[in-house]
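Colleague: okay, predicted coordinates and the sequence, questions at the end:
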Amino acid sequence: MIRIEDLSVSFGDTEAVKHVSLDLADGEILGVVGESGSGKSVTALTLMGLVSDSARITSGRVLFDDVTLREAGKPCDKALYRTYQGAGMSMVFQEPMTSLNPTKRVGGQVEETLRLHTKMTPGERRECVLEAFRSVGLQNAEKVYASYPHQLSGGMRQRVMIAMAVILHPRLIVADEPTTALDVTIQNQIIGLLREINQKQNNAMLFITHDLNLARKLCSRIAVMKDGEVVESGETESIFEHPAEAYTKRLIEAVPSRMKRKGTIASGEGTKDKTPILKVKDLSVFYKDGNNSLFARKKRQCVVAGADFVLYEGESLGLVGESGCGKTSLSRAILGMNREVDGKIIHATKYPQMIFQDPYGSLNPSKTIGWLLMEPLRARAALDPSWSMTRGEMEEAACDMLRKVGMSDKFFHRKPSQLSGGQRQRVSIGQALITHPALIVADEPVSALDVTIQAQIMELMRKLQREMKLSYLFISHDINVVYQMCDRIMVMKDGRIIEIGETEEIFAHPKEEYTKLLLGNS
Amino acid sequence: MKYFIKKLITLIMTLFFVSVAAFLAFQIIPGDVVASILGTEATPEREEQLREELGLNKPPLQRYADWITDLLRGDLGESYRFSKGMNERMPVSELIGDKLPVTLWLAVLSMVLIVAVSIPLGVFWARSKSRFLDAALGVITQTAMAVPSFFLGILVTYLFGILLKAFAPGGYVSYQKDPAGFFQYLLFPALSIAIPKIAMTARFLRNSMLTELKSDYVRTAYSKGCTERRVAYGHVLRNAMMPVITFLGMIIAEIVAGSIVVEQVFGLPGIGRLLISSISTRDFPVVEILILYITFVVIFVYFLIDILYRVIDPRISEK
């Protein structure tokens, strides 16, 4: 029904998509899997007629039934596309927050699709939207109809997006990473919903994801993309069991899973006779309402309640929970970045360091890598005169650190914008380690990275842990990543630590319902 | 409700501080109103007499207290300089009452011109695909922004007044005499005020639209099958207006507070002229009231903008 034939798309001189051919039949779910920059999104946007005007189609064509929607060398026929967009084919995007217009009520936004493609009366349109809301599992459809996007949760917003996409029963739904921005428990519900819609309406679905496990759960066929090309495609199970291409094999192996655990140094040894490096006793963390008014009294809001745990030397302790559960607040309190706390935090060492999630935002873009690596040394020297170094010594230390995190000296004079995500995260790690701290708090250090890069960064962190005798407090929403990295795990929910124990023990015999839910969903 | 009370308290506090500051400034700056009224050759006795008449012999604190009690009773005081008939000083309320409507109408007319022209122009500009048009509009707006308003006033006078004979330069008619003639005359100073502001606002809106057009929700709108026109007016404009509204608020405050230069060029008896002459003659009661008026207008306009924000973007009122 949908055929993409030999499609190539370029932006200026760079070819983003190279000779891609895909086809899709009614009722089929095709997964397009690849890492960032593999051209999967550009392919989908070209198919939908949404790719920007600066893109040129250099070869091939896009067919819907027998109608040619887009052809090489011809400009995009927008009027033709508009008759399909929303009615014959529709799209669900990654970010349900930004993909909805923030200043319009969601009911009206969904209704617009009907207004554009049907001749219904306003009353009929409203009924139809409410019906669609109910069918995607939004309770209290009337209330949702009158809500603005920011008044809904992430999962609800994505349901609204899906309602918008399926309201006219299009024959093709393109879903571009529809669950990536959501928590695991919500992720599963959304995947279930998409599958249900697919079965009920028998529409074809192009499912784009970087997550192989997800593609395996949902798709009957898979196409693996790399650098703009389809490197392998076929039935899902046969690809997973017998990947033909080296890249596919690497991709499958890189996915953190519970089947193949890579041991950490502390595994197998008991923790009882170890010296604690960090003790947290009955810690509660508060946030003051950010209201800067003269008139309003400041309210304290409790975000972490009664946290109680010990981190031992050389250990990796994982902290798992969904967004908003208080894991970042807890880590900030431990590092003294939030002083609104009750209870005790006892550090055995001075100057713990932190690795942040977003390697794009957390490095100052106007400084060189060398400057960034030397900055912690300068800061430390200001606190502690025994750390004062000459410029030469600092440069030496920075170059040393670059090598330790697996990068060469030539990066010393580069700027963050010239580095890839993985390289930036290596620099972030280098920044944290250059002052030789014993305790590292890593807040989602691999969440923003592609799977193959993720595996490399985790390997690096393990290697450095052995070499530098580090203790990690490793925060993640991804329980599989934690399983790979940590000796013990804490599970957090609504500001409380609900379960703590040895990794194997928690995975084999979870005590709490919530932990089971987390484990079952990932 | 709580919000309005808060805003009201802020307004009153600001007005109080501004009035104190203006009073203090008048204590500090050199120059004496008595000397400026009587000239340098007055006798000391005459000076003393006038000083007593105006209440200037009292200590400053008491003078301020008297002034503010009068004000709270609704008495704006009397001008030191202007007189009404024989031996009677002109009440400030009458003095301003004549001139305020001129300035206010000028401001309203300018604002209508600015909003009515700059918003369609900005949207059109943001949507224009032609590089030539884009560059041309860039040059035109840049020029319009750079021309000083007195010069623009002269240009408008020359073009519309002398060449096209659309109005008689210097032939201002008051509202009471001929309302139609009044507005017809006012249109041209309003045009001189509006042209640079239209250029700035259109430019600002265009940039804001171009940023918004890159947002994800725009892609969603297209994926539903919206036309470009629908996306621009139905989705993007509202979001793009947010920063533009702040900018418009600043412009309104500036215009309402008196477009001194343009009033001079077109010979309009507005408060801009009054303010300048009152400062130079140290006519304190007039200046103080004008300053309070300007402060009030500025704060009030910002208050309206704040409300407009909440109407446009529902996220703000819920923080």
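Modeller: Looks like it came in fine.
Colleague: span of stretch A:438-446 from start to end?
Modeller: Using C-alpha to C-alpha, to the nearest Å, the end-to-end distance of stretch A:438-446 comes to 20 Å.
Colleague: chain B contacts on the stretch 101-250 of chain A?
Modeller: A:101-104, A:112-113, A:116-117, A:148, A:150-151, A:161, A:164 (C-beta under 8 Å from any C-beta of the partner chain). From N, CA and C alone the C-beta is placed, and that goes for glycine too.
Colleague: what is the burial count for B:His235?
Modeller: Using other C-beta atoms under 10 Å in any protein chain shown, B:His235 has 24 other residues around it.
Colleague: show the model's pLDDT score for it.
Modeller: B:His235 carries a pLDDT value of 93.
Colleague: which residues touch it?
Modeller: By C-beta atoms under 8 Å, 6 or more residues apart in numbering or on different chains, the contact list for B:His235 reads A:101, A:104, B:217-218, B:221, B:226.
Colleague: any chance of the residues you listed in TSV, plus pLDDT?
Modeller: Shown next, in TSV, are the contacts of B:His235 (pLDDT from 0 to 100):
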residue	pLDDT
A:Asn101	94
A:Lys104	93
B:Tyr217	94
B:Val218	94
B:Ala221	94
B:Cys226	92
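Colleague: let me see the mean pLDDT of the host helix or strand of A:Leu22.
Modeller: Element membership for A:Leu22, per DSSP states H and E: strand A:14-24. Across strand A:14-24, pLDDT averages out at 91.
Colleague: ditto for stretch B:175-182
Modeller: Mean predicted confidence for stretch B:175-182 is 83.
Colleague: re the thing from before, buried residues in the strand holding A:Leu22?
Modeller: Within strand A:14-24, the residues that count as buried by 16 or more other C-beta atoms under 10 Å in any protein chain shown are A:15-18, A:20, A:22, A:24.
Colleague: cool, and stretch A:502-522?
Modeller: A:503, A:506-507, A:510, A:514-515, A:518-519, A:522.
Colleague: tell me, how many residues neighbour the residue in the stretch 51-200 of chain B positioned nearest to chain A?
Modeller: The nearest approach of the stretch 51-200 of chain B to chain A comes at B:Lys129, 8.3 Å away (C-beta to the nearest C-beta). B:Lys129 has 8 neighbours, counted by other C-beta under 10 Å.
Colleague: per-residue pLDDT, it?
Modeller: The score at B:Lys129 is 85. That number is its pLDDT.
Colleague: for it, helix, strand, or coil?
Modeller: Following DSSP: H, G, I helix; E, B strand; the rest coil, the label given to B:Lys129 is coil.
Colleague: could you measure from it over to A:Ala223?
Modeller: Look at B:Lys129 and A:Ala223: by C-beta to C-beta, to the nearest Å, they are 35 Å apart.
Colleague: next one: B:Ile252
Modeller: From B:Ile252 to A:Ala223 the distance is 57 Å (C-beta to C-beta).
Colleague: before we move on, what about A:Gln151?
Modeller: Taking C-beta to C-beta, one finds A:Gln151 at 38 Å from A:Ala223.
Colleague: which one of those two has more residues nearby?
Modeller: The neighbour comparison of A:Gln151 against A:Ala223 (other C-beta under 10 Å) goes to A:Ala223, with 24 against 16.
Colleague: name the element the more buried one belongs to?
Modeller: Per DSSP H and E: strand A:221-226 holds A:Ala223.
Colleague: so in that sheet, which strands flank that strand, and in what orientation?
Modeller: The strands beside strand A:221-226 in its sheet (DSSP bridges) come out as strand A:29-33 (parallel), strand A:229-235 (antiparallel).
Colleague: number of nearby residues for B:Arg127?
Modeller: 17.
Colleague: which parts of the stretch 201-319 of chain B sit against chain A?
Modeller: B:215-217, B:219-228, B:234-235, B:238-239, B:312-315, B:318.
Colleague: which elements pack onto the strand holding A:Leu22?
Modeller: With contacts taken as 3 or more C-beta pairs under 8 Å, 6 or more residues apart in numbering or on different chains; DSSP states H and E, strand A:14-24 sits against strand A:2-11, strand A:29-33, helix A:40-48, strand A:55-64, strand A:204-209, strand A:229-235.
Colleague: switch those over to JSON lines; also include distance to A:Lys78, mean neighbour count and mean pLDDT.
Modeller: JSON lines is the format used below for the helices and strands packed on strand A:14-24 (distance: least, C-beta to C-beta, whole Å; neighbours: other C-beta atoms under 10 Å in any protein chain shown; pLDDT from 0 to 100):
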{"stretch": "strand A:2-11", "distance to A:Lys78": "17", "mean neighbour count": "19", "mean pLDDT": "92"}
{"stretch": "strand A:29-33", "distance to A:Lys78": "24", "mean neighbour count": "26", "mean pLDDT": "94"}
{"stretch": "helix A:40-48", "distance to A:Lys78": "12", "mean neighbour count": "24", "mean pLDDT": "92"}
{"stretch": "strand A:55-64", "distance to A:Lys78": "14", "mean neighbour count": "18", "mean pLDDT": "91"}
{"stretch": "strand A:204-209", "distance to A:Lys78": "21", "mean neighbour count": "24", "mean pLDDT": "93"}
{"stretch": "strand A:229-235", "distance to A:Lys78": "27", "mean neighbour count": "17", "mean pLDDT": "92"}
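Colleague: and A:Arg414, how many residues sit next to it?
Modeller: 15.
Colleague: spatially nearest residue to A:Thr368, not counting backbone neighbours?
Modeller: What sits nearest to A:Thr368 in space, not counting adjacent residues and going by C-beta to C-beta, 6 or more residues apart in numbering or on different chains, is A:His413, at 5.4 Å.
Colleague: B:Ser223 now?
Modeller: A:Met91 (4.5 Å).
Colleague: can you name every helix or strand that the helix or strand bottoming out on mean pLDDT in chain A contacts?
Modeller: Within chain A, no helix or strand scores below helix A:513-521, which has a mean of 81 by mean pLDDT, DSSP states H and E. Here helix A:513-521 touches helix A:184-201, strand A:488-493, strand A:496-502, going by 3+ C-beta pairs under 8 Å, 6+ apart.
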